[in-house]
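> sharing a sequence plus its predicted fold:
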Amino acid sequence: MTENIDERSWCVELEPGPDASQNQCVLCLSRVKLMEHYLQIILAVLVLWLIVPPLVSALPKKRWRARPPRDVKSPVLALNQLAQSSESVNAFNYEEAFSRTLGWITDAELQVLKRSRVAIGGLGGVGGSHALTLARLGVGRFTLADMDTFDWPNMNRQAGCFGSTIGKPKCETLARMLADINPEIQFTLMPNGVDESNIEQFLDGVDLYVDSYDLFALSIRRRTFQRCRELGIPAITAAPVGFGTAFMCFLPDGMSFEEYFDFASVSAPHEQILKFLLGVSPSMLQFSYLADPSRVNLPKEKVCSTSVGIEMSAGVAAANALKILLGRGDVISAPSGVHFDAYRNKLAITWRPWGNKNPIQKILFWVVKTFRAPKD
């Protein structure tokens, strides 16, 4: 009896021998070998899981160098046109109104915030809270864009939605609220929203872009992030997810929005939205307590949100906006991100080299698409 060894299948087959019972005997080592390889892979993954995160956290983070606030060429709306009373305008003093922030920032830094311009695309959802939080920090110039009006389903989370504002334009409503905080604030209002024809005006003189477009407005979101990169404008997004927030920053000299989210690998709009959701919150901390998954249907553009997630997003975004505008502190930027969930009291500092092209992200996308996402 002789042996034939097939190295490709790791099998040992016995040639027919004098013993008829041995003629049919096949000794296959494939399962044993495969188990050995699986164990090696598992051990390697565990080692990387334990070693890589501490090494990554020890790496120096991106530090954005603040530049002098830009001059704006777009028409500016005088704030006193929106102030509630001329008496309050006359009594207002910027330095006194925002003096309680001093200590956390210096007098000179407060003046930088006063001269800084922030563009916010979308004033429903989290956009209104972004604007109000930044205004209370002392940011003195805004470019605001939104074409929508308030409606009753906005009541659970949108800062400008009240019974008295139902049916009123979001852009004008938020401008009045900001003017009531700081009568000296300067606006460029774009009540028809942002599109290819006016994106240059939207980003004119801007020091920072804060993403607040509707989740499903992916086309203009992608274009805005692309144009920010071309103009050297840092851009941030803080997504309200469940009872928490997932924050990401895209610096002009870092990984781009398109590189990270890899939208080009899928064609269906709802799959691109899924790419965005999984990319901005790869830890998916919110999935474990979603009470009624039927309330989330991406093909029908249906999602759920909470005021808790909105307000947390505004706080996290404003803190990082302050660091970018003042050029102080480290900014976690793509392919890293931050996800904090107040419901689970968990913090995840995510790191996905290659973004959604990362093998982990590809597996996550397939699992959610196959088992969790509604098909229609």
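Yep, that arrived.

> just want the most central residue of this structure.
The residue lying closest to the centre of the chain (Cα atoms, centre = their mean) is T237, at 3.9 Å.

> what sits against the nearest residue to it once chain neighbours are set aside?
Excluding the flanking residues, the one nearest T237 by Cβ to Cβ, 6 or more residues apart in numbering is D211, at 3.8 Å. Heads up, the C-betas are built off the backbone N, CA and C, glycines and all. When contacts are counted by Cβ atoms under 8 Å, 6 or more residues apart in numbering, D211 touches G121, G122, R221, T224, F225, A235, I236, T237.

> repeat that for 7 Å
Listed by Cβ atoms under 7 Å, 6 or more residues apart in numbering, the contact set of D211 reads G121, R221, A235, I236, T237.

> just the residues you listed now: which is nearest L290?
The nearest member of those to L290, counting by Cβ to Cβ, is T237 at 21.3 Å.

> name the residues that touch the helix or strand harbouring the closest one?
Per DSSP states H and E, T237 falls inside strand 235-241. Strand 235-241 is contacted from outside by 126, 209-211, 225, 228, 245-250, 280-281, 286, 305, 309-310, 313, 316-317, 320-321, using Cβ under 7 Å, 6+ apart.

> sorry, back to before: so how far is L290 from the residue nearest to T237?
Distance, D211 to L290, by Cβ to Cβ, to the nearest Å: 23 Å.

> how much space between F263 and G337?
The spacing between F263 and G337, counted by Cβ to Cβ, is 17 Å.

> between the two, which is the more surrounded one?
Remark: of F263 and G337, G337 carries more neighbours, 25 against 20, as counted by other Cβ atoms under 10 Å.

> among the contacts of strand 235-241, name the ones in helices.
Here DSSP state H is the test, and the contacts of strand 235-241 give F225, C228, V280, G309, I310, S313, V316, A317, N320, A321 as lying in helices.

> test my guess that the third one contacts M248.
Yep, that's V280 we're talking about. Yes. V280 lies in contact with M248 (Cβ atoms under 7 Å); the separation is 5.7 Å.

> common neighbours of the two, please.
With Cβ under 7 Å, 6+ apart as the test, V280 and M248 both reach T237, G337.

> more neighbours, the two?
Using other Cβ under 10 Å, the more surrounded residue of V280 and M248 is M248, with 27 against 22.

> how close does the more buried one get to G254?
Between M248 and G254 the distance is 11 Å, computed by Cβ to Cβ.

> need the residues touching each of these two.
Common neighbours of M248 and G254 (Cβ under 7 Å, 6+ apart) are A334.

> I'd say Y209 and G127 touch.
No. Y209 is beyond contact range of G127, at 11.8 Å (criterion: Cβ under 7 Å).

> ok, now which ones touch S305?
G125, R157, P240.

> of Y209 and G127, which one has the most company?
Taking neighbours as other Cβ under 10 Å, Y209 and G127 compare with G127 leading, 29 against 25.

> just list the residues touching the more buried one, thanks.
Here G127 is in contact with I120, D146, S212 (Cβ under 7 Å, 6+ apart).

> identify, from those residues, the entry nearest to T188.
Distance to T188, by Cβ to Cβ, is smallest for I120 among the contacts of G127, at 10.9 Å.

> where's that closest one, which helix or strand?
Assigned by DSSP H and E, I120 belongs to strand 117-121.

> cool, V367 as well?
V367 belongs to helix 359-367 when assigned by DSSP H and E.

> between all of the contacts of D211, which two are separated the most?
Greatest spatial distance among those (Cβ to Cβ): R221 and I236, at 12.6 Å.
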